[in-house]
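Participant: Okay, here's the prediction I keep looking at, along with the sequence it came from:
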Amino acid sequence: MSIAELSRMARGRGGPKARQKMPDNKPALVFLGPWLIGAICLMIGPIIASLVLSFTNYNLLQPAKFVGFDNFIRMLSDPRLRKSLEVTSLYVLISVPGQLLAALLLAILLNRGLRGVTIYRAAFYLPSLLGSSVAIAVLWRQVFGAQGLFNAMLGMIGIHTEISWIGDSSTALGTLILLHVWTFGSPMVIFLAGLRQIPTELYEAATTDGANAWQQFKSVTMPLLTPIIFFNLVLAVINSFASFTQAFIVSGGTGAPADSTLFYTLYLYQEGFGSFRMGYASALAWLLVIIVGAATAILFWTSKFWVHYED
Amino acid sequence: MKPTKLAVLGTAIALAAGLTGCAVSPQGGSGPGGTSTTLSNEPVTISMYWWGGDDRIQRTQKVIKMFQDKYPNIKVEPTYGDWTSYWEKLATMVAGGNIPDVIQMDQLYLASYAQRGVLAELNQPQLDLTTMSDSVVDTGKWGDKVYGASIASTGFGVLANKDALDKLGIALPDDSKWTWDDYATWTKSISDASGGTIRGTGVMQNEFQLQLFARQLGDQLFKGSELVIKPETLAKYFQASLDWVESGSAPSASATSETINATLDQTDLVTGKAATMFIPSTMITTTTAAANGANLVLLELPHFADAPQGWEYMKPGMYWSQSSKSAHPAEAALLINYFINDPEAAKVLGTERGIPSSSSALDAITPSLEGPPKAAVDFVEGLHFGAAPAIIPTGASDLQPIIQRYCLAVIAKQQTPSQAAEALIAEVGASVRAAQ
Amino acid sequence: MKTDSTTLQAPPRAKTARLRFPPRRPDPVAITPAPTPAAKSGRRGQTRRRVLAVVKHVCLILLVVVALYPVIWMLVSSLRPDGQIFSNPSIIPTTLHWENYTYGWTALTKPFSTYLVNSLLVVVAAIAGNLITCSMAAYAFARLKFRFQKPAFAFMLVTIMIPIHVVIVPQYILWSQLGLVNTFWPLIIPKFCATDAFFTFLMVQFIRGLPKSLDEAARIDGAGHGQIFFRILLPLMTPALATTTIFTFIWTWNDFFAQMIYLTDPKLYTVSIALRAYIDAQTSSSYGAMFAMSMVSIIPVVLIFIFGQKYLVQGIATTGLK
C-alpha cells in the first residue's frame, strides 16, 4: 500500500490533471523503453518465478514440486522465523535512528566554515566503502573480541572484563548495530547536501530577530531538513530490513551466537542455499516484501505530521 | 497493453520451464550423460571446479597444465571459489544446467548431489580406484554406487601445542588409553597453570567428532538415510562441553562463540589462547604453518573406558566427482585419475588437500615427507580403524552449523543438554525425512 | 501488491515552514559555506569562535581516528607476516613485510592488475548504463503523463525490496539460456535497463526540483521531449549524474554475490571475487596478501570519492525532496 503513496509522489502534484487524458504515452514508451525491456525480460520473469516457487518445494537440483500453501503454513510455527523477525525489528528500530543521528550530527558539525572539510568528509565516508568487506569481519573480531581493543580500552579506565562482545548472545546484535551506525557516510553526505540547500538569508533574518544558535536550529534548520531526513529514513528502513552482508561476514553466515544475529535475509539465505529449501526461501521473501511495504506505508502516513514540504 | 501481458506471461512460462527443464533428472544413479566412454582424438574442453585458498589454486593449476601437456587435445577450464560461495554457485549452476564436468565434493553434500542425479557413477575405465582400499572407496558411495573418488582421508585427534605446554611445565599425557575423565583433568590443569590465559581445550562442535563420540558409546549418527542417534548420546556430548566451560578447561561461552566459525588462522590454538584443539589429523600441516611453526603434536582422541573396538575410522576429506551431464565423461574420468593417482601430480599437490587416499600418490610423496605431514601419516598408522559410517544423507548438509548452534545454546545455558539433544534430533530428523 | 489509491491520502502540505527558497543556483560557486551566524563582531566573539573551532577540530580528529581505525589496522596488517596478524593486537607497525604485496599481486591465476581491469570494465559500463537509462526513465516518471504510470512506479519500488537470493536462480537460468553466463553481460545489461531503481528514484526527485517553466518555455519554442530532455534538463542534472556515478562506482566495485555467480573463468574474476580467493575456512589462508590487495583495491574507490565528492554534495543539494 506504500506503493500507492510512493507512486502518487512520482506522479507529481497533478491532482486533477491526472484524470485527464494521458497524452504522453508514446514518448513515455521511448524514454521508459530500456526500463520496460529490462522489467519485462529481466525482472518480471524472476519475480513471478519466485512467487510461483513460494508455492513449491524446490531444492535447486531437481524440478520444483507444487505444494500449495505448505510453505506459508510452515511459517506460522517456525521458531527461527520468529526469532529472525525479532532480531531484524530490533536492529531496524535501533540502528536506523542511530545511524541517521550520527550522520546528522556530523553533517551539522561539518557544515559550517571549517578548514579541511573535504578531508574530514572523505575520512568519514571511508567506513561506508569498507562496510561490507571481508577485512571488516576480521577487524570486528579484533575490536569486540574477548581480548579485543574495546576490552583493552575498558581496562584502561579500570573496568576489567573478559566478555566477548560479539560472542555473547545479549551483546552481539549490539555490535552489529554499532557497525551499521559506523557506516554513516552515505546519509551524512546527503544531510550535508540538505544543509547546504538552506538559504543563508534565513539564518541572517533569524539572527536579526535575535534568535540564538539553538533557536535557529529549531526553527530554521530542522523544518527545512525534514524532507531530507524523511528521504534518508525511507531508504535506511528498506536497506536495514534487507541487511545481510554485515551479519553474514561477522557470524560466518550462521547468525551465531544462539541466533542472536539471525537477520531475516540471513535466515532466508540459509534456508535457500544452506538447506536447499528455495521454495520456503521464496515464501519468506514475499513475507519480507509485505513487511517492508507496510513499514514504508506507515512512514509515509506519519510524514504528514512531521515532514515540511515547501510549496 | 495486451502484447505486454502476453510478453510477461511468455517470460514467466519460459522461466518456469527453465526451472523444471534445466534441473537434472531426479533418478539417482544415471550413468554418464555423454555417449562415449572412450577417449576422443578431437579437441575436447572440460571444466573443473574446486574450493580452496591461494596455495591450492597454484598447485591445482600447475597440475592442470601438466595434464594438458600430457594430453594436448584436452583443455581444462578451471573455476574456484571459497567454501561458502562454492556451494551457492554450484547449486545455481546445477539449476541453470551448467554443471562443471569435474567437481570437488564434500561428504556433507555427496548424497544430496548423487541422489538428485547430478553426479555420474564413477565406473569409467579411465579412472582407477583400485589404488585405494575398499573401505576408502566405500566412503564415496551413495546407495551401492561410487559417486565420489576420495582425494584424501583423515583421522581425528587432539592437536596440542607442545611449546605452550613446556612453558607451563605440563607433560603430554599417555594418549594411548586416556579417557574423557583424564582429558577433563589434564585440560583443567593447563587452564589453572596459566591462570586462564591459555585454555586447556575448546568445546566439541564438530560433526566428525560427534560421529566418533557416538561410536565410542556403541551408537551411530545415521543409518542409511535415517537419523538414529539416541538423545542420551547427544546429551552426553553436549554435557561434556558444558562441563569443560564450567570448570574453566574451555573458554567462556561468549569467547567460544567468537571463534567457533573463525578460519584456522584465528582459532585459539593458533593465536596462543588455547593449548589444544580437536582437529582432523591432516590439518596439522596447515595449522603448524599458521601458528608460525610452533611444535604441534597429534594426540589420540580420548575415549570411554568401555568403548568398543574400531570406533575410529578414516573420514574422506574431499572427493572428486563428475557431472552426470558431462559431454566428455571419459576425459573427465581421465582428469580425475590424473589428480588422484599420477605420481608426478601427487608431488605437486603434496598434502595440501590432505594425505592422499591413493596408494600410488602416497608412495610418490612418502619419501619426501617430513615434519608435520609425516607426523600426520604416522599418527594415522597408529590408529585402529573400523568401518566408515554411512555418508551424510540428503537433507542434512547443514548438519555442522546446526551442531554448533545447539552446542552454543548449551554452553550459554539457554538449553539443557537433553533439551538441545531432543531439539537437534527433531530438527535434523525432519529435514532429512522431508528431503527423501 | 494492491495499489489502492483511495484509502491513502497524499500528505497535506505542512503549514509550519513558510520559508521560500531563493531560485536554485546550479553553479558550483553557490556551494560556499554559510557564514557562522554566531557573534558578529568584537574581539571576545572572535576568540570564542577560535576556541570553538579548535574544540570542533579536536572532536572531529578523534572521530576521524575512530572512523579510520579499521583502515589503519588493515594497512598495518598488510605489512605483517601471516602468523602475526592475529596474535599481535597492537596497531603500531612492527614490521614492513612488503612480501604480502608482491606475493598477493601474483598469487592467483593472473596478476592482480587483471582483476582491477575487469572490475574497472564492469564498473565503467555500469556507470554508463545507469547514467543513460535511469535518467531517461526518471524523465518519463517525473515529467510525462502516461497510462499505468502508478503501477509501473510501484513495480519499480518493489524490485528494490525483493532479496536477491530468491531471484538470482531464475535470473541465472535466464542468462544461461541466453548463453551469456561467464561473460560480463549479465552484470552490464541490467544497468542498461535502468534496473537500479534507487538511481531512477533519485533522479525523479531531482527533475521534479527543476522548474517546469523551463520545459514549457522550450515546448512553446517547438522543442520535442527529446530536445527538452537532452538540451534543457540533462545539462542541469550534472550534479545528480555525478552522484549516480560515484554511488554506482562504489556499489559495483564492492558487489560480490552477482559477480561470483555469473563469472566462472578466473581470467574474468573481479577484485571482489579475487579478494576471497586468499581465504579458505578449512585450509591455510593468506591474510597478509588479502589485506595488501584490499589496500590496493580501495585506492581507486577513495580516489573517485575524493575527486567526485564536490559534485556529489552539489548533486544531492539540488535533489532534495520537494
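Facilitator: Received it, and whenever you're ready, just let me know what you need. Numbers count the residues shown, from 1 in each chain, chains lettered A, B, ... in the order given.

Participant: from here on, contacts and neighbour counts on C-alpha atoms
Facilitator: Will do.

Participant: How about stretch C:76-89, which residues are buried there?
Facilitator: For stretch C:76-89, the neighbour count (16 or more other CA atoms under 10 Å in any protein chain shown) marks C:76-87 as buried.

Participant: can I get those residues in TSV with pLDDT, distance to C:R276 and secondary structure?
Facilitator: Below are these laid out as TSV (pLDDT from 0 to 100; distance: CA to CA, whole Å; DSSP: H, G, I helix; E, B strand; the rest coil):
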residue	pLDDT	distance to C:R276	secondary structure
C:V76	87	19	helix
C:S77	85	17	helix
C:S78	87	15	coil
C:L79	88	19	coil
C:R80	85	19	coil
C:P81	83	18	coil
C:D82	78	16	helix
C:G83	74	19	helix
C:Q84	77	20	helix
C:I85	77	17	helix
C:F86	76	18	coil
C:S87	71	22	coil
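
Participant: which among those gets closest to B:M314?
Facilitator: Among the buried residues of stretch C:76-89, C:G83 lies closest to B:M314 (CA to CA), at 30.0 Å.

Participant: So A:G253 lies in a helix, does it not?
Facilitator: No - if the criterion is DSSP: H, G, I helix; E, B strand; the rest coil, then A:G253 is coil and not within a helix.

Participant: so where's chain C uncertain?
Facilitator: Scanning chain C for pLDDT under 70 picks out the ranges C:1-44, C:89, C:205, C:209, C:239, C:281-282, C:284, C:308-322.

Participant: Can you get me a residue count around A:T208?
Facilitator: 10 (other CA atoms under 10 Å in any protein chain shown).

Participant: again with B:S368
Facilitator: 11.

Participant: now A:L299
Facilitator: By the measure other CA under 10 Å, the count of residues near A:L299 is 16.

Participant: filter the buried residues of stretch C:76-89 by proximity to chain A?
Facilitator: Restricting the buried residues of stretch C:76-89 to those within reach of chain A (CA under 8 Å from any CA of the partner chain) leaves C:F86.

Participant: So which of the buried residues of stretch C:76-89 is the closest to C:S285?
Facilitator: Closest to C:S285 out of the buried residues of stretch C:76-89 is C:D82 (8.4 Å), distances taken as CA to CA.

Participant: for that closest one, what are its contacts?
Facilitator: B:290, C:286-288 (CA atoms under 8 Å, 6 or more residues apart in numbering or on different chains).

Participant: And for C:R143?
Facilitator: Contact analysis of C:R143 by CA under 8 Å, 6+ apart lists C:207-208.

Participant: Can you give me the separation between it and chain B?
Facilitator: Distance, C:R143 to chain B, by CA to the nearest CA, to the nearest Å: 21 Å.

Participant: Kindly report the same for A:L202.
Facilitator: 50 Å.

Participant: just checking, that residue touches A:S219?
Facilitator: No - A:L202 is beyond contact range of A:S219, at 10.0 Å (criterion: CA atoms under 8 Å).

Participant: so what's the closest residue to chain A within the stretch 51-200 of chain B scoring on pLDDT?
Facilitator: Here the stretch 51-200 of chain B gets closest to chain A at one residue, B:A95, 5.3 Å apart by CA to the nearest CA. Note on B:A95: pLDDT of 88.

Participant: again with B:A7
Facilitator: On pLDDT, B:A7 comes in at 47.

Participant: rewinding a little: how many neighbouring residues does the residue of the stretch 51-200 of chain B closest to chain A have?
Facilitator: B:A95: 27 neighbours (other CA under 10 Å).

Participant: Also B:R116?
Facilitator: Applying other CA under 10 Å, I find that B:R116 has 23 neighbouring residues.

Participant: OK, contacts around the residue nearest to the spatial centre of chain B?
Facilitator: Residue closest to the average C-alpha location in chain B (CA atoms, centre = their mean): B:G317, at 4.5 Å. For B:G317, the contact set (CA under 8 Å, 6+ apart) comprises B:106-107, B:150-154, B:353-354.
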